[in-house]
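Asks: Sequence first, then the predicted structure:
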Amino acid sequence: MNISTIHKRLISSGKNMVKYLKQQEAIDIDNALFNEYKFSVDQLMELAGLSCASAIAKCFPIKELNNRSLLICVGPGNNGGDGLVCARHMKLFGYNSEVYYPKRVDKPLYNNLLHQCISMNIPVLDKLPDNNELEKYDLLVDALFGFSFKPPVRPEFVPVIEVLKKSKVPVASIDIPSGWDIEMGEPNEGGIKPELLISLTAPKLCAQKFKGKYHYLGGRFVPPKLARAYDLSLPEYPGTECCVQLEK
């Protein structure tokens, strides 16, 4: 099945049929949110990060975890910003959040998000935990790269990608599994295989290849006019929920 055929394929979610986006479509929609609809970056990050935390709490209920501990692996872009917001909300939900942040971004937005985590006594690690240290975590959250990623993975992120690929601890990926091609999916040499994928705004085309247990859609912020313009056919979010599970 070629990419154009896959792109036309729609997947069922309740009564709706959700569209899976190519990379340029995802970029165009993001630009429309910023330029046409006047959302700010931090506004979208807050909504996205909260929806990620909510999806994680649904799939990994705190009462079912041994240590209630999460390690959120944060990258230098917007996906990493979503991860920092997610870490803060997970702490508010009662989980023990820790952040691994190997390449910090010295910009006001990211500095503020990091400050908020530190102010809530969320440990921020500069060193990647070894295999023995990883055993204390119930979940690893992959917030390294978003939909603007283009292979290959930069050398400084190879160690954390390898940890996420090989770890026996379940992984939750925000928007895409880091290191995957946005349209083609998992790399030939093997990639991260998350148990939970939280697509944001709308699923990306690579999510067609996702074989994990849970697939959620988060970020309940898309204006109906924008959704119609791109024929997104987004599902209805239940009640006041900010995330919704997609059928596989």
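Replies: Structure received. Residues are numbered from 1 along each chain as shown.

Asks: Which positions in stretch 94-111 come out as buried?
Replies: Residues of stretch 94-111 classed as buried by neighbour count (16 or more other CB atoms under 10 Å): 95-102, 105, 110. The C-beta positions use only the backbone N, C-alpha and C, and glycine is treated the same way.

Asks: same thing with stretch 241-248?
Replies: By neighbour count on 16+ other CB under 10 Å, the buried set for stretch 241-248 is 242-246.

Asks: likewise stretch 115-132?
Replies: For stretch 115-132, a neighbour-count test (16+ other CB under 10 Å) marks 117, 122, 124, 129 as buried.

Asks: What lies in contact with it?
Replies: 71, 84, 87-88, 91-92, 97-102, 114, 137, 159-160, 163, 167 (CB atoms under 8 Å, 6 or more residues apart in numbering).

Asks: repeat for stretch 151-162
Replies: Applying CB under 8 Å, 6+ apart, the set of residues contacting stretch 151-162 from outside is 73, 75, 100, 102-103, 128, 144-145, 178-179, 181, 187, 191-192.

Asks: cool, and stretch 47-65?
Replies: Contacts to stretch 47-65, defined as CB under 8 Å, 6+ apart, come from residues 68, 70, 81-86, 88-90, 93-95, 138-139, 141, 143, 170, 172, 174, 195-196, 198, 200, 213-214, 216, 218-221, 241-243, 245.

Asks: Return the members of these classed as buried.
Replies: Among the contacts of stretch 47-65, those classed as buried by neighbour count (16+ other CB under 10 Å) are 68, 70, 81-86, 88-90, 95, 138-139, 141, 143, 170, 172, 174, 195-196, 198, 200, 214, 216, 218-221, 242-243, 245.

Asks: Dig out what the nearest residue to residue 206 once chain neighbours are set aside forms beta bridges with.
Replies: Nearest residue to residue 206, sequence neighbours excluded (CB to CB, 6 or more residues apart in numbering): residue 185, at 4.4 Å. Applying DSSP bridges to residue 185 yields these beta-bridge partners: residue 181.
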